[in-house]
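J.: This is the structure alone, sequence omitted:
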């Protein structure tokens, strides 16, 4: 292919030749011919295409949002070709390079292996890949070049950011056989104080509250909250409406961050966690626990895309039969554009489930984008407040989560 | 323990005044390329104006009407045009307030030079306010400096002289832009200098000066003997080669500086490189440049040989047997262009079957 320089030199040469013809200027004609000859002969230079093997070494297979990934790009010339090669490792459009460059120019010798490094940051969760790689080879004078695309891809996932939660957020009423760290609303063996009661034969002396004995003059023992493992269901709203806003500031992105944070804490406390993402369909990650399960949940959250408009009532109607009774459900939803919410809550609560709601407010994003006039926005806020109050009136916890707040505060005031 | 106050030196660091590193560059090789490229530019432009006498240009015809003192002399403007471009580059190296200071001083000096003959400075008796008058009736008096505007003609001469000198930049713009482009590494300036040379050459008509002005101005008595077309063709070949060398080397300076950037380890500034790393880059650059020069040298020789064949092919055809020699156009410029284009067409056809493009398709 012609480079800009070749086009300019050839254009200039042709102009010289034609101008020479018009002005009958032999000097122009011959100068133009020399330049044209130079360009034509240069096209015969060995514009080789390298036969290369490409591999990448990355600091980690997957990263969290805003995390750094160091990439070492290694290319080996497997042929006898020699010369300059421009290499451009294509990156996802969202990627930001923090160090080094994904572009380089190398002088390759036969069987030579060369490498370069760069670091990148991705602000948004999702599944991405590095590559394909564009190779460009030029002649010595940069007049002509050849391009080749090497389909060398390196896939990786960007998981939603996980925050450290300061306190436990949910309690269940359904004890399990295995003990864990999650407090239940029943008395049992644990570490969290529940109440005081009188000593009865058989109580351990270790549980006697000696201060209370001194105060009341009779033996009192501490009762603790039973700690147990739970089956927790994380329900993430990924309907089309959850994409209001832009970049990281959408209800879906916030929901994914919160779900990832909660999943991490719950799994760290040895609970069983399931994830359901609903939008067009319901994507499930079944109940399980452990590090490997967290990876599955994070991968599923990375895949969540805003699409479809499945209503909560339908989702719960379909999924409740498969959820162990009494298991807490945590719903991550902006609660927008769903007239079935009250009905869904009523049905679910009547069947003995608790639903804790973490609701990122999409109205903040709408306000920021100035798409809705002040009056309708005010009405929308009132409607949202009413809905939240209604859910709270069922005795369920709802966190009205503002966009600039941390996940830790999502359930505060609920 | 008393704190030792480190006083900041009042003399600014040279680095804060001028970016001298840009001039010398990080690698001597690139500096050398710039020098060779500058010499090639001066040679090619001088040679160009030897064939295109500026007084025979259409530009001179019109500029002289509004500027009677206009005498373009290639011996002056080629070198000074280049120096002006180089000085402009040096000026751009100065930083912030120093750049402004130099500009300000230049304006002051030029203003002083022009106004000096016209202004006569008369200093009064009491420049500093002092008490004058009889005792008891003394008063403060202050006689200012008087500036008399007398020798207007002297200033006008200087203005004319400065204008004529500056007007040399009309033809000197080619080396001016070239010089600036090479040293400042500006591709557009290099391209513009070549473009301007072509335009200036286009506006040249042999011996047109005598039609409009007298021989004392034109510098030749009678119409100079028109050079033969063989002479023009030979001159054109060298000018064409000179242009190729100038373009190639000036772009090479830019290219190798970019390469030097690329050869640095990722994320490292040149100042953070160790001596060994710098030497490594220098070695690589030297290897590349030597191979580039060999490539260029060989290509120029082949180009020269092929161009000679291409330009003279019509001559051979016109002397061959057959009806083709009866063609009147074949001996003229149209014949050269026509036969040359056929030659290039054949080369283009051959190119279709060789080289990487074809191999890639096959692969």
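T.: Happy to help now that I have it. Keep in mind it's a predicted model, so treat the numbers as computed, not measured. Numbering: from 1, shown residues only, chains lettered A, B, ... in the order given.
J.: immediately after the host helix or strand of residue A:387, which helix or strand?
T.: Applying DSSP states H and E as the criterion places residue A:387 in helix A:374-393. Downstream of helix A:374-393, the next assigned helix or strand under DSSP H and E is strand A:398-401.
J.: Any chance you could list what contacts that next one?
T.: The contact list for strand A:398-401, computed with C-beta atoms under 8 Å, 6 or more residues apart in numbering or on different chains, reads A:254, A:258, A:356-361, A:384, A:388, A:391-392, A:409-414. Where C-beta positions appear, they are placed from N, C-alpha and C, glycine not excepted.
J.: The residues you listed in helices, which ones?
T.: Mapping the contacts of strand A:398-401 onto helices (DSSP state H) picks out A:254, A:258, A:384, A:388, A:391, A:392.
J.: which element is residue A:299 on?
T.: With DSSP H and E as the test, residue A:299 turns up in helix A:291-303.
J.: Can you pull out the low-pLDDT segments for chain A?
T.: Within chain A, the ranges that satisfy pLDDT under 70 run A:46-48, A:81-82, A:168-192, A:225-229, A:412-414.
J.: at 50 what do you get?
T.: Applying pLDDT under 50 to chain A flags residues A:177-179, A:414.
J.: How much space separates the spatially most central residue of it from chain B?
T.: Of all residues in chain A, the one closest to the mean position by C-alpha atoms, centre = their mean is residue A:125, 1.9 Å from it. According to C-beta to the nearest C-beta, to the nearest Å, residue A:125 stands 27 Å off from chain B.
J.: so that residue touches residue A:254, yeah?
T.: No. Between residue A:125 and residue A:254 there is no contact under C-beta atoms under 8 Å: 11.2 Å.
J.: Next, residue A:106: secondary structure please.
T.: strand (DSSP: H, G, I helix; E, B strand; the rest coil).
J.: Pairing partners for it in the sheet, please.
T.: residue A:85 (DSSP bridges).
J.: Could you identify the most distant pair in the ones in helices among the contacts of strand A:398-401?
T.: By the measure C-beta to C-beta, A:254 and A:392 form the most distant pair in the ones in helices among the contacts of strand A:398-401, at 20.3 Å.
J.: Those two: which has the busier surroundings?
T.: For the pair residue A:254 and residue A:392, the greater number of neighbours falls to residue A:254 (28 against 14), based on other C-beta atoms under 10 Å in any protein chain shown.
J.: ok, so what distance separates that one from residue A:385?
T.: 19 Å (C-beta to C-beta, to the nearest Å).
J.: surely residue B:343 meets residue B:308?
T.: No. The pair residue B:343 / residue B:308 is not scored as a contact, 11.9 Å apart, by C-beta under 8 Å.
J.: ok, the residue nearest to the centre of chain A - contacts?
T.: A:65, A:157, A:158, A:159, A:160, A:253, A:256, A:301, A:302.
J.: picking that back up, closest to residue A:135 out of the ones in helices among the contacts of strand A:398-401?
T.: Of all those, residue A:135 sits closest to residue A:254, with 41.0 Å by C-beta to C-beta.
J.: Up against chain B, what does the stretch 51-200 of chain A have?
T.: A:99-101, A:104-107, A:116-118, A:137, A:140-142, A:146, A:148 (C-beta under 8 Å from any C-beta of the partner chain).
J.: Tell me the buried residues within the residues you listed.
T.: Neighbour-count burial (16 or more other C-beta atoms under 10 Å in any protein chain shown) applied to those gives A:100, A:104-107, A:116-118, A:137, A:140-142, A:146, A:148.
J.: picking up where we left off before, now what about the helix holding residue A:299, what contacts it?
T.: Residues from elsewhere that reach helix A:291-303 (C-beta under 8 Å, 6+ apart): A:62, A:125-127, A:157-160, A:234, A:236, A:256, A:259-260, A:263-264, A:267, A:273, A:275, A:277, A:283, A:285, A:288.
J.: Filter these down to the ones in helices?
T.: Per DSSP H, those map to helices at A:256, A:259, A:260, A:263, A:264, A:267.
J.: Compile the residues you listed into CSV and extend it with columns for neighbour count.
T.: Converted to CSV, those look like this (neighbours: other C-beta atoms under 10 Å in any protein chain shown):
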residue, neighbour count
A:256, 29
A:259, 28
A:260, 27
A:263, 27
A:264, 19
A:267, 20
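J.: Closest one of these to residue B:185?
T.: residue A:256 (47.9 Å).
J.: Next up, the contacts around that closest one.
T.: Residues near residue A:256 by C-beta under 8 Å, 6+ apart: A:125, A:160, A:236, A:301, A:302, A:304, A:332.
J.: let's see it at 10 Å
T.: Residue A:256 is in contact with A:65, A:124-126, A:159-161, A:236, A:238, A:242, A:248, A:250, A:277, A:298, A:300-302, A:304, A:332, counting by C-beta atoms under 10 Å, 6 or more residues apart in numbering or on different chains.
J.: among the contacts of strand A:398-401, which ones are buried?
T.: Neighbour-count burial (16+ other C-beta under 10 Å) is assigned, among the contacts of strand A:398-401, to A:254, A:258, A:356-361, A:384, A:388, A:391, A:410-411, A:414.
J.: farthest-separated two in the residues of the stretch 51-200 of chain A next to chain B?
T.: Top of the distance list for those (C-beta to C-beta): A:99 and A:141, 33.0 Å.
J.: pretty sure residue A:339 is in a strand, no?
T.: No. Using three-state DSSP, the assignment for residue A:339 is coil, not a strand.
J.: And the strands in the stretch 251-363 of chain B?
T.: Remark: strands of the stretch 251-363 of chain B are absent; assignment by DSSP state E, counting those that start in this stretch.
J.: low-scoring stretches of it, by residue?
T.: For the stretch 251-363 of chain B, the stretches flagged by pLDDT under 50 are B:358-363.
J.: How far away from the center of its chain is the helix or strand where residue B:62 lies?
T.: Taking DSSP H and E as the criterion, residue B:62 maps to helix B:58-66. Here the centre of helix B:58-66 is set off from its chain's centre by 22 Å, with C-alpha atoms, centre = their mean, to the nearest Å.
J.: packing partners for that helix?
T.: If contacts are counted by 3 or more C-beta pairs under 10 Å, 6 or more residues apart in numbering or on different chains; DSSP states H and E, helix B:58-66 sits against helix B:152-167, helix B:169-184, helix B:187-202, helix B:208-212, helix B:215-218.
J.: Averaged pLDDT, the last one. What do you get?
T.: So the one you mean is helix B:215-218. Averaged over helix B:215-218, pLDDT sits at 75.
J.: just checking, what packs against it?
T.: helix B:58-66, helix B:208-212.
J.: Where do the domain boundaries of the chain fall?
T.: With no chain named, the answer covers chain A. Here the domain assignment for chain A is A:4-42, A:52-159, A:187-225, A:231-409, based on automatic domain parsing.
J.: ah, I was thinking of chain B
T.: B:119-131+B:139-157, B:229-363.
J.: Pull up the distance across the first one, start to finish.
T.: For domain B:119-131+B:139-157, the separation between the terminal residues is 14 Å (C-alpha to C-alpha, to the nearest Å).
J.: what's the spatially closest residue to residue A:101 that is not a sequence neighbour in contact with, if anything?
T.: Nearest non-adjacent residue to residue A:101, counting by C-beta to C-beta, 6 or more residues apart in numbering or on different chains: residue A:118, 5.7 Å away. Counting by C-beta under 10 Å, 6+ apart, residue A:118 makes contact with A:69-73, A:89, A:91, A:97-104, A:130, B:266-267.
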